[in-house]
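Enquirer: sequence and predicted model, in that order:
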Amino acid sequence: MNRFFKLLILLLISYSINHVTASDFDETLITIETRKTAMQGIWERVKRLSPYVELKEKVDYNKDLAANDAQEIVKLLEKTKYLWSEKSNLSSKGFTNATPAVWALPDYFNKLYSKAEQSALNLNNAITNDNIDDTVIAMCGLGKACGTCHANFRRLLTSQLANEVSGWSGKYVENCK
Ligand code: HEC
C-alpha cells in the first residue's frame, strides 16, 4: 500500500510538472506565431504603401488609407516589440526564424527596432502633411530598418528567397539615399 501511494504521488507530481511545461511551451509557440503574423501584417501594409509613396497612385488607394496603413505599422511594431522572450529562442528546433543573435545582441536588435518605429511615425506624419520628400525619406528609413534587422536577426529559408528579393529585404521605394 505504501508503495502504491508513493507511486501515485510520483505520478501526480510528474503529471503536474509535464502539464506546466507543456502549457508554457504552448504559450511560447503562440508568442512566436503572433509575432510572425504581426510581421506579415506589417509587410502587407508596406506593400500597399510603396506605390503610393512613389506617386504611382492607384484609384482605390488614397491618402487616408495610406495614413491608416502607416498608423497600423506603428501599432503592429508596438505589439511585436514585447514578443521576444528568451523562451522563444527556438530556431535550432525550427520553431522560429529568429536567430539566437536576437538574444545575444539585444541592444543592436532594440536599436533597429526603434529605428523602424521612428520611421513608421515619420511616415504617418509625412503622409498626413502631404510632405512628399519626407514620405520618401521615412519609407527609405523604414525599409532600411526592416532589411538590416532581417539580415542580422532572421534566418532566411531558401523557399523564401524569391520573396525576399522583392520583399522584406528593405528596398521598398527607388531612390533611397
Ligand atoms: C528589429 C528587428 C526587426 C524589424 C525592425 C523588422 N523585423 Fe520583420 N522579422 C524580424 C525577425 C527576427 C523575424 C523572424 C520572426 C520569427 O520567425 O519568429 C521577422 C519576420 C518577418 C516576416 C516573416 C514572418 C513569418 O511569417 O515568418 C516578415 C514578412 C517581416 N518580418 C516583415 C517586416 C517588415 C516589412 C518590417 C519593416 C516595416 C519588419 N519586418 C521589421 C525582425 C525584424
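Expert: Nice, thanks for sending it over.

Enquirer: now the strands for this structure?
Expert: With strands called from DSSP state E, the chain shows none.

Enquirer: close to the ligand: what parts of it are there?
Expert: By Cβ under 6 Å from any ligand atom, the residues of the chain that approach the ligand are 32, 35-36, 39-40, 42-43, 46, 96-98, 102, 109, 112-113, 116, 142, 145-146, 149-150, 153-154, 168. The way it works is simple: take the backbone N, C-alpha and C, and place the C-beta from them, glycine included.

Enquirer: list buried residues within the residues you listed.
Expert: For the residues of the chain next to the ligand, a burial check counting by 16 or more other Cβ atoms under 10 Å picks out 32, 35, 39, 42-43, 46, 96-98, 102, 109, 112-113, 116, 142, 145-146, 149-150, 153-154, 168.

Enquirer: restricted to helices, list these.
Expert: Mapping those onto helices (DSSP state H) picks out 32, 35, 39, 42-43, 46, 102, 109, 112-113, 116, 142, 145-146, 149-150, 153.

Enquirer: any stretches of the chain with poor pLDDT?
Expert: 1, 7, 10-22, 157-170 (pLDDT under 70).

Enquirer: recalculate using a threshold of 90.
Expert: Filtered on pLDDT under 90, the chain yields the residue ranges 1-24, 54-60, 147, 151, 155-177.

Enquirer: list the contacts for the residue positioned nearest the centre of it?
Expert: By Cα atoms, centre = their mean, the chain has its centre lying nearest to residue 39, at 3.6 Å. The contact partners of residue 39, by Cβ atoms under 8 Å, 6 or more residues apart in numbering, come to 76, 80.

Enquirer: distance of it from residue 113?
Expert: 12 Å (Cβ to Cβ, to the nearest Å).

Enquirer: what's the answer for residue 104, then?
Expert: According to Cβ to Cβ, residue 104 stands 15 Å off from residue 113.
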